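Engineer: any chance you could fold what I've pasted below:
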Amino acid sequence: QVQLVESGGGLVQAGGSVRLSCAASGLTFNTYTMGWFRQAPGKERELISAINRYGGTYYADSVKGRFTSSRDNAKNTLYLQMNSLQPEDTAVYYCAANAGSIYSSTRNYNYWGQGTQVTVAS
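Structural biologist: Predicted coordinates:
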């Protein structure tokens, strides 16, 4: 049984930083592309970052230069370091896994975490 469990969300002031973690189990973690999605109220879930099995990364323009994805295959854990946070970054953040390449569509991701709320106060 595959499980993805996010942690690290919370309330942060604008300009602050947060690191999210996603602990994976039940899958061969180092063979999966891992994505970070977010969903703000009234908006669709969107891919903001992904990292493939080779360490290649993708970042949406909205987070490029502020967010960094990394993975520790020995710990089966994905991270998202978020710096210079702004109120528009407020959303539920989800990690997701797919056995292929970096895709932006939620339909390509087989496994999902439960999400963690990040709220950025102005």
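
Engineer: in the protein, where is pLDDT below threshold?
Structural biologist: Scanning the chain for pLDDT under 70 picks out nothing.

Engineer: pick out the residue closest to the middle of it.
Structural biologist: The centroid of the chain falls nearest to residue 36 when counting by C-alpha atoms, centre = their mean (2.3 Å).

Engineer: pretty sure it is in a strand, no?
Structural biologist: Yes. Checked against DSSP: H, G, I helix; E, B strand; the rest coil, residue 36 lies within a strand.

Engineer: distance from the helix or strand hosting residue 80 to the middle of the chain?
Structural biologist: Assigned by DSSP states H and E, residue 80 falls within strand 77-82. When C-alpha coordinates are averaged (C-alpha atoms, centre = their mean, to the nearest Å), strand 77-82 and its chain have centres 7 Å apart.

Engineer: what's next to that strand, contact-wise?
Structural biologist: 17-24, 34, 36, 49, 51, 63, 66-72, 89, 93, 95, 118 (C-beta atoms under 8 Å, 6 or more residues apart in numbering). For glycine as for every other residue, the C-beta is placed from the backbone atoms N, C-alpha and C.

Engineer: paired strands for that strand, with orientation please.
Structural biologist: The pairing partners recorded for strand 77-82 under DSSP bridges are strand 18-25 (antiparallel), strand 67-72 (antiparallel).

Engineer: tell me where this protein has strands.
Structural biologist: 3-7, 10-13, 18-25, 33-39, 46-51, 57-59, 67-72, 77-82, 91-98, 111-112, 116-121 (DSSP state E).
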